[in-house]
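[1] 3D model of this:
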Amino acid sequence: MRTTVTWRYALLGVGFLVLAGVRAAQGAPVWAAVFALAAAANVWLALRDDRGPRAPATPVAATADEVARELARCRTAQRQWRVLGVAGLLLAGGLLLVEPPLAVIAAAATLVAVFRARRVRTYAEGLPVRLGDEVTHA
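    This next block holds a predicted model:
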């Protein structure tokens, strides 16, 4: 089993680990624990294996019109999740200045939106490709 490292997550994990150390030195054990958990999550993301190519999401018997409708639905859903992610990010940034504990909740909601957008994108990539009038799998 070959493990690849995603460097952006590794760098974020190190940054959160430094923040945890700073907060622990300042006498804020709760924030140190929060940052340590964020560091652990980023290290896990950095070391996890790629899942590889996925099986097609639609049956082989799908017509070109059905595939086109499903792809349009996926694009709409992905756009909606992205808008929610950006709005959550702006809200979390504003709350960070006003009420930091609420910013953590808003950031968690933003992460949910980002993961849902990614899931929709992965699903859409598994849809069959339309070539002329026949439907084939990518």
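
[2] Phe115 and Ala68, how far apart?
    Going from Phe115 to Ala68 by C-beta to C-beta, to the nearest Å gives 26 Å. C-beta here means a position set from N, CA and C on the backbone, and glycine is covered the same way.

[3] quick one: what helix or strand has Ala40 in it?
    Using DSSP states H and E, Ala40 maps to helix 29-47.

[4] Tell me which helix or strand comes right after that helix.
    In the C-terminal direction from helix 29-47 (assignment by DSSP H and E), the next one is helix 64-98.

[5] so what's the residue nearest the centre of the chain scoring on pLDDT?
    The residue at the geometric middle of the chain, judged as the C-alpha nearest the mean C-alpha position with C-alpha atoms, centre = their mean, is Phe115 (3.2 Å). Predicted confidence (pLDDT) at Phe115: the value is 88.

[6] Neighbours of the nearest residue to Leu84 once chain neighbours are set aside, how many?
    Leaving out its chain neighbours, the residue that sits closest to Leu84 by C-beta to C-beta, 6 or more residues apart in numbering is Ala113, at 4.2 Å. Applying other C-beta atoms under 10 Å, we find 19 residues neighbouring Ala113.

[7] So Ala113 lies in a strand, does it not?
    No. When classified by DSSP: H, G, I helix; E, B strand; the rest coil, Ala113 is found to be helix rather than part of a strand.

[8] ok, it touching Leu91?
    No. Here Ala113 lies out of contact with Leu91, judged by C-beta atoms under 8 Å, at a distance of 11.1 Å.

[9] Checking Val22 next. Helix, strand or coil?
    helix.

[10] and it, how many residues sit next to it?
    Around Val22 sit 13 other residues, with neighbours defined as other C-beta under 10 Å.

[11] can you check Pro29 too?
    12.
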